[in-house]
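>>> fold the following.
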Amino acid sequence: MKNSLKTNLISKLKLINSFLIVFGFNIIDIDLKAHLRGNYLIESEAKEKAKELGCKGAFKLKEKWMPCESEKELHKYLRKS
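So this is what the prediction gives:
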């Protein structure tokens, strides 16, 4: 009985671990896409991309401009497209 319970627990932990790994990679992928698809040297270009995505404004991240009012909003609109 104990051995069966232990085996069941281990298989559930492996499943949870696999899920977390996949979910973690998806988060990284979304962030990466946002930074690759939304990087502009000029503020007006970022605002134009914001219009295409359906959001408004632009924000500065280091030396580059990105569409939407914030990074959180940008990610939200990129998930839709």
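>>> could you pull out the strands for this protein?
Ranges of strands within the chain are 58-61, 64-67, based on DSSP state E.
>>> give me the contacts around the first one.
In this structure, residues lying in contact with strand 58-61 by CB atoms under 8 Å, 6 or more residues apart in numbering are 40, 43, 46-47, 50, 65-71. No exception for glycine: its C-beta is placed from N, CA and C like everyone else's.
>>> parallel or antiparallel, which strands does that strand pair with?
When pairing is defined by DSSP bridges, strand 58-61 lines up against strand 64-67 (antiparallel).
>>> so can I have TSV of the contacts of strand 58-61 showing distance to residue 78 and pLDDT?
Shown next, in TSV, are those (distance: CB to CB, whole Å; pLDDT from 0 to 100):
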residue	distance to residue 78	pLDDT
40	15	89
43	19	95
46	13	93
47	16	95
50	11	92
65	16	92
66	11	91
67	9	93
68	9	93
69	14	95
70	13	93
71	10	88
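>>> any low-confidence regions in this structure?
1-3, 5-6, 9-10, 13-38, 81 (pLDDT under 70).
>>> quick revisit: most surrounded residue in the contacts of strand 58-61?
Within those, neighbour counts (other CB atoms under 10 Å) peak at residue 67, which reaches 28 neighbours.
>>> separation between the residue lying closest to residue 67 once chain neighbours are set aside and residue 12?
Nearest residue to residue 67 in three dimensions, chain neighbours excluded: residue 50, at 3.6 Å (CB to CB, 6 or more residues apart in numbering). From residue 50 across to residue 12, the span is 44 Å (CB to CB, to the nearest Å).
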